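**Student:** missing the sequence, but the structure's below:
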């Protein structure tokens, strides 16, 4: 296997995916066929809807606009969405990207959210220890319902 040494001393297979720097020590994977075109631009990471996307800035008249790398790789028209099949926004290989209608894309993400919501989760330990009454181990001391009951009986 032939290895290629990059500027940052990373070893990559010559025929495999290539890395493009996106700032702050982060990189994204791209196919060999797209590397020469994409590497001529300065890419950076932009947060959008709690997800990190790789973008570049383009001057259009008096305003700047952002172009997302995955949309540029797949030549996605404005009426379509580009989906990351592995849900990794730093993997821009064409085999992991897919153009689809907004309806299909939304349905796919809703189904994934439902699957993640229904999976069993580990419960977090409470921040404070729970005090149990020595007289009645089923009753927890200091709960609002106990305070209401004690004040009602005192009258």
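**Tutor:** Alright, I've got the coordinates. Please read all numbers here as calculations on a predicted model, not as lab measurements.

**Student:** mind listing what's buried in stretch 42-61?
**Tutor:** 43, 53, 54, 55, 56 (16 or more other C-beta atoms under 10 Å). (Each C-beta comes from the backbone N, C-alpha and C, glycine too.)

**Student:** in TSV: these, plus pLDDT.
**Tutor:** As requested, the buried residues of stretch 42-61 are arranged in TSV below (pLDDT from 0 to 100):
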residue	pLDDT
43	97
53	95
54	96
55	97
56	96
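
**Student:** closest to residue 98 out of those?
**Tutor:** Residue 98 lies nearest to residue 53 out of the buried residues of stretch 42-61, by C-beta to C-beta, at 16.0 Å.

**Student:** quick check: that closest one is in a strand.
**Tutor:** Yes - judged by DSSP: H, G, I helix; E, B strand; the rest coil, residue 53 forms part of a strand.

**Student:** give me the contacts around the top helix by length along the chain.
**Tutor:** When the chain is parsed with DSSP state H, its longest helix is helix 102-118. Residues outside helix 102-118 that contact it (C-beta atoms under 8 Å, 6 or more residues apart in numbering): 79, 80, 81, 83, 87, 100.

**Student:** reformat the residues you listed as a markdown table; add pLDDT and neighbour count.
**Tutor:** A markdown table is the format used below for the contacts of helix 102-118 (pLDDT from 0 to 100; neighbours: other C-beta atoms under 10 Å):
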| residue | pLDDT | neighbour count |
| --- | --- | --- |
| 79 | 96 | 7 |
| 80 | 97 | 16 |
| 81 | 96 | 17 |
| 83 | 95 | 19 |
| 87 | 90 | 11 |
| 100 | 96 | 15 |
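
**Student:** wait, which of those residues is closest to residue 120?
**Tutor:** Checking these against residue 120 with C-beta to C-beta, the nearest one is residue 87 at 20.3 Å.

**Student:** spatially nearest residue to that closest one, not counting backbone neighbours?
**Tutor:** Nearest in space to residue 87, with sequence neighbours left out and distances taken as C-beta to C-beta, 6 or more residues apart in numbering, is residue 112 at 7.7 Å.

**Student:** tell me the mean pLDDT over stretch 115-126?
**Tutor:** The pLDDT scores in stretch 115-126 average 72.

**Student:** and residue 20, how many residues sit next to it?
**Tutor:** Residue 20 is surrounded by 19 other residues when neighbours are defined as other C-beta atoms under 10 Å.

**Student:** that one contacts residue 34, correct?
**Tutor:** No - using C-beta atoms under 8 Å, residue 20 and residue 34 do not qualify as a contacting pair, with a distance of 9.1 Å.

**Student:** nothing else from me, thank you.
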